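In: mind looking at a prediction? Sequence and model below.
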Amino acid sequence: MKRSLLYITLMLMIYSMMGQKGAPSMKLVPIFAGETLRLDHAYAYRGDSVVLSKLRFYLSDIRLLVEGEEVWAEQESYHLIDLAEPNSLLIPLQEEISFDEVHFKLGIDSLTNVSGAMGGDLDPTKGMYWSWNTGYINFKLEGQSPLAGSRNQRFIYHLGGYLPPYPSVQKIQLKCEASSQILVGLDIEQFLQAVDLEENPNLMSPGQQCAQLAEHAASLFKILGDE
Amino acid sequence: MNKWVVSGISLLGVLCLAASMAKQRTYFRLQYPASWPEPSYDFNHNPLSKEGVALGRQLFYDPILSRDSTVSCASCHLSYTAFTHVDHELSHGIEDRIGTRNSPALMNLAWGKSFMWDGAANHLDMQALAPIAAETEMDSDIATVVERLQSKPKYRQLFFQAFDDSTITGEHLLKAIAQFQLTFVSADSKYDQVKRGESGVAFSEQEQKGYRLYQTHCASCHQEPLFTNQEFANNGLPMDTFLQDHGRMNITLDPADDRKFKVPTLRNLKFSHPYMHDGRFAKLSQVLNHYAKGIESSATLAPELAQGIALSPNEKVDLIAFLLTLNDQAFVFNRDLAYPR
């Protein structure tokens, strides 16, 4: 009995690995100063330095298109992307499909925000949920810089909120060469350029500023090419 | 062997194994009067089971949820006082830290549309996150609570019975606490018995007069049968200059919501004093005096209260007599809701 169980488990593992080989995927590549962003690494920035300690965000509702027609939509499409967890940067897509456009959302839609406790990447233990004003945190960037006008020179940007008039979830539509594997860049240096580290090093509540910054973050997703 | 056949057999094996291990849960039927509206809570997302409710009850009464294991949900929500912190204007958490609000009485939560005085929690499942994390309440966080529970064999067993999974998750923790709270149905007051036409139960003349006064002056916000319309309103309380609590506006950022708070139910008032979001009134007579001559006018004042509610001394006595018919002894002394022994 024990041996057959082991055999079944092994076969399942092998089969699932076979299935993944060469499968279409979307890989996220956070960028700083023209290179792949590394956490806890000092970058030169505006005549001083900056160290990023945390980058986490939700991607949801992934859809693939060919010549403007939707050919695939992921079910239960919620992904917590965490730079500290390299596995999370690679999102497997549908098998045997080529596409020339990808749509997704940065953040979590309002319906999911009001539908109670969820599991997996949406589990509130993931630290991407506000308890004092319930709702998902769609995007987190934290770090340290002498430019930040705060105690310990830390800066914290948590973007979220789903209530009108300041919903922060963003639709992103990217066209690419017909391909099944794409690299999507996200330039974090450009994100920092949109905030005032000196005067406003902390943002942790929904509102107009948050929604504007979320819109800016969404504009930074770019196709880098296919893998 | 063909890989499809192998994977098919493997899948079948795993499914059989799972089926044999999964213990059948016992469906828990929520009892409430047939004349009541449908609950707002989506039970398809979190079906009540006897095991889930029992787990939620353990958690509700377990101080393991707080950072120093001194405070449980029940510390501020005691079943014998309609699940509120009686006699405390503002409730306190660990290390005697005083909060900024009077803990609300908990009942008939399945009909709630948002939770807490300012509606900060958009869903009953998520409400528990707030007191777990608040510095003046439990000062912990859900990931820590899950880790602690995971180290207790008792809880691994209880979670397995309730959710077929001994690996504890935030989702299951929140759903279990919600399941227990959903069973807080208060529907057996004298008022309810009169409405059901139970034999030998009738309003006294005074209670009947009070009922009419309630219908005239109170019912637009405190709607039957739940005695709240689940909305937010500014009832003209002068601002507490120390607390500076702007209520619903803190959540929506909309100036039109300034000084608005959740309309509380009028059920079980005997057990749930003091009254208002900051517990400023210890007695019902003080509440009625506020509505008679204490209302402060402001841009967001509930229009129904623009002229105040003028009541004669006799009318006040009558109205209070009616309000006391909403007390539900069977609810507050329900052993199924009390500390699990």
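Out: Ah, there it is. Residues are numbered from 1 along each chain as shown, chains lettered A, B, ... in the order given.

In: pretty sure A:Asp61 sits against A:Ser77.
Out: Yes - A:Asp61 lies in contact with A:Ser77 (Cβ atoms under 8 Å); the separation is 5.1 Å. Where C-beta positions appear, they are placed from N, C-alpha and C, glycine not excepted.

In: neighbour count: those two, which is higher?
Out: A:Asp61 (18 against 14; other Cβ atoms under 10 Å in any protein chain shown).

In: could you count how many residues lie near B:Ala256?
Out: By other Cβ under 10 Å, the residues close to B:Ala256 number 10.

In: ok, now how distant is the closest residue to it other than its chain neighbours from chain A?
Out: Once flanking residues are discounted, B:Ala256 sits nearest to B:Thr300: 6.3 Å by Cβ to Cβ, 6 or more residues apart in numbering or on different chains. Distance of B:Thr300 to chain A, given as Cβ to the nearest Cβ, to the nearest Å: 18 Å.

In: who touches both of A:Asp61 and A:Ser77?
Out: Among the neighbours of A:Asp61, those also in contact with A:Ser77 (Cβ atoms under 8 Å, 6 or more residues apart in numbering or on different chains) are A:Phe104.

In: is chain A within reach of the strand or helix carrying B:Phe180?
Out: Counting by DSSP states H and E, the element that carries B:Phe180 is helix B:170-182. Yes - counting by Cβ under 8 Å from any Cβ of the partner chain, chain A is contacted by helix B:170-182 at B:170-172, B:174-175, B:178.

In: any of these buried? List them.
Out: Among those, the ones that count as buried by 16 or more other Cβ atoms under 10 Å in any protein chain shown are B:170-172, B:174-175, B:178.

In: tell me if stretch A:47-59 is near chain B.
Out: No - shown here: stretch A:47-59 not in contact with chain B (Cβ under 8 Å from any Cβ), separated by at least 13.9 Å.

In: for that stretch, buried residues please.
Out: A:50-52, A:54-59.

In: how about stretch B:104-116?
Out: By 16+ other Cβ under 10 Å, the buried positions in stretch B:104-116 come out as B:104-112, B:114-116.

In: neighbouring contacts of the one helix or strand A:Gln212 maps to?
Out: For A:Gln212, the host element (DSSP H and E) is helix A:208-219. Helix A:208-219 is contacted by residues A:57, A:106-107, A:138-139, A:157, A:159-161, A:166-172, A:186, A:191, A:194-195, A:203 when judged by Cβ under 8 Å, 6+ apart.

In: buried stuff in it?
Out: A:210-211, A:213-214, A:216-218.

In: stretch B:184-203 too?
Out: Those would be B:184-194, B:203, for stretch B:184-203 by 16+ other Cβ under 10 Å.

In: which ones among the residues you listed map onto helices?
Out: Residues of the buried residues of stretch B:184-203 located in helices (DSSP state H): B:190-194.

In: make CSV from the residues you listed and add distance to chain A to it.
Out: Below are those laid out as CSV (distance: Cβ to the nearest Cβ, whole Å):
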residue, distance to chain A
B:Lys190, 34
B:Tyr191, 31
B:Asp192, 28
B:Gln193, 33
B:Val194, 35
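
In: check contacts around the spatially most central residue of chain A.
Out: Closest to where the C-alpha atoms of chain A average out (Cα atoms, centre = their mean) is A:Phe57, at 3.7 Å. Residues near A:Phe57 by Cβ under 8 Å, 6+ apart: A:80-81, A:106-107, A:138-140, A:217.

In: looking at these, which are in strands?
Out: Among the contacts of A:Phe57, the ones falling in strands (DSSP state E) are A:80-81, A:106, A:138-140.

In: show me where chain B has helices.
Out: Using DSSP H, helices in chain B cover B:3-21, B:50-60, B:73-76, B:124-127, B:129-133, B:142-150, B:153-163, B:170-182, B:190-195, B:205-217, B:249-252, B:284-289, B:313-323, B:329-332.

In: the helix or strand bottoming out on mean pLDDT in chain A: what's the following helix or strand?
Out: Using mean pLDDT, DSSP states H and E, the weakest-scoring helix or strand in chain A turns out to be helix A:2-20, at a mean of 49. Using DSSP H and E, the helix or strand that follows helix A:2-20 towards the C-terminus is strand A:25-32.

In: can you mark which positions in that next one are buried?
Out: For strand A:25-32, the neighbour count (16+ other Cβ under 10 Å) marks A:26, A:28, A:30-32 as buried.

In: how many residues are close by B:Pro37?
Out: B:Pro37, neighbours per other Cβ under 10 Å, totals 9.

In: thought it was touching B:Lys113?
Out: No - using Cβ under 8 Å as the test, B:Pro37 is too far from B:Lys113 to be in contact (11.6 Å).

In: poorly predicted segments of chain A, please.
Out: A:1-22, A:225-227 (pLDDT under 70).

In: tell me where the longest strand sits in it.
Out: Secondary structure of chain A per DSSP E: the longest strand is strand A:48-66.

In: what about B:Ala292, neighbour count?
Out: For B:Ala292, using other Cβ under 10 Å, the count is 15.

In: wait, it touches B:Ala310, no?
Out: Yes - counting by Cβ under 8 Å, B:Ala292 does reach B:Ala310; the two are 5.9 Å apart.
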